[in-house]
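Student: got a sequence here, can you build the structure:
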Amino acid sequence: MRVLDLSRGIAGAYCAQLLALAGCDVVRVELDGRDERVDALAWACANRGKHERRAGNATDAMRFVVDAAALVDDRGPGGLEALGLDEVTLRQANAGLVLTRLSDFGQDGPWSNWVGSELVNLATSGMLFITGTWEQPPVQLAPYQAQMTAGLLGALASVTALYADEGVTLDLSTQEAMMSFVPLLISQYVYNGTVAAREGTAAMMTRIERAADDWVYAGPGAAVNADYATFARFLEIPELGEERFLTPDGRLANWEEHQRLVLPKLLERTREAWLARAEEWHLTFAPVYTATELLSSDVLGERGFFAPLSPAQPEVRVPLAPYVTDGVRPDALARPLVRE
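Tutor: Reported below is the predicted structural model:
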């Protein structure tokens, strides 16, 4: 099953890549290059598992449309039309084509012609308001997360349409895609008037703090049921088991004292020592891994999660499919873009 990828951004490129992972033959039709805001390395990663063929113009591109099952584009409203690839022309060439169109705010509506960005997408979806802690400004997610979310849902919608075997046009908004990942943001407000917001650091424990050698997530449990009496014994800080620290409100009221007791204690052991001790006590500590540590992880290494970016750049490692089928990790993402 052939899929044409005409995208210029990460949303469309990632959508098409997931279709390659699903077993489609994805042909990247190069017309006008990538969006200038997209990093070259990110672009190379998002185009693994595909073939690239160049098209000088719309007429040249149309020869690939005739026998394709789907076409992915993320130029936004009017983008394909400006190339001479309007929907009427595409349908005349291939009535059964699944046309997946990704954009920041949809193909119609009052914001349809707005140009978005990662921060714009995160902000207008409500996601930005609930990331980070309430004492600090909102925190941006990792690069391209909004576009990759749109690509993920675009791929899901495309597979569904391909399975139905009907020519349809899919209109996917990045704003709406991000909102679908935070449904409680709206439903809690409608249900009981709660306005979702960033968590307060003091609601739990110190969250991400320094051990003797590195960063560690040092949370005893969920804010509402953290057993601080046990946590006090775990840290060997008797004062932490006092009544004033046993509830989130109590910790908030005595936060400076809480930190004065806890932070020096965390510095007494290495991250690995804390993790080993927390495992014995069944507490929710976790390492805060860097990219270097992820690449050298025994867990990920033994499961074959990384592969070289290309034969020319074997030192650059990239993630493969995030799942294993019958003991084998699909290899579509292990293949660099092939230019034909």
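
Student: going by C-alpha atoms from here, please, whenever you check contacts or count neighbours.
Tutor: Noted.

Student: contacting residues around the most centrally placed residue in the chain?
Tutor: In the chain, the C-alpha nearest the mean C-alpha coordinate belongs to residue 145, at 3.9 Å (CA atoms, centre = their mean). When contacts are counted by CA atoms under 8 Å, 6 or more residues apart in numbering, residue 145 touches residue 118.

Student: what of the one 10 residues further on?
Tutor: Residue 155 is in contact with 15, 16, 18, 19, counting by CA under 8 Å, 6+ apart.

Student: now do it, the pLDDT please.
Tutor: Predicted confidence (pLDDT) for residue 155: 98.

Student: can you tell me the SS state at it?
Tutor: Assigned by DSSP: H, G, I helix; E, B strand; the rest coil, the conformation of residue 155 is helix.

Student: begin at 802 from now on, thanks
Tutor: Let's use 802 as the start, then, which means that last one is residue 956.

Student: surely residue 1107 meets residue 1120?
Tutor: Yes - assessed by CA atoms under 8 Å, residue 1107 is found in contact with residue 1120 at 4.6 Å.

Student: the residue nearest to the centre of the chain and residue 828, how far apart?
Tutor: 24 Å (CA to CA, to the nearest Å).

Student: quick one, helices of the stretch 852-1001 of the chain?
Tutor: Along the stretch 852-1001 of the chain, counting by DSSP state H, counting those that start in this stretch, helices occupy 859-866, 880-883, 888-894, 919-926, 946-965, 975-980, 984-993.

Student: what's the burial count for residue 889?
Tutor: Using other CA atoms under 10 Å, residue 889 has 11 other residues around it.

Student: the one 3 residues further on too?
Tutor: For residue 892, the neighbour count with other CA under 10 Å is 18.

Student: again with residue 877
Tutor: Residues near residue 877, counting by other CA under 10 Å: 23.

Student: ramachandran angles for it?
Tutor: phi 90, psi 180 (degrees, to the nearest 10).

Student: give the bridge partners for the nearest residue to it once chain neighbours are set aside, please.
Tutor: What sits nearest to residue 877 in space, not counting adjacent residues and going by CA to CA, 6 or more residues apart in numbering, is residue 904, at 4.6 Å. On the basis of DSSP bridges, residue 904 is bridged to residue 974.

Student: lovely, talk soon.
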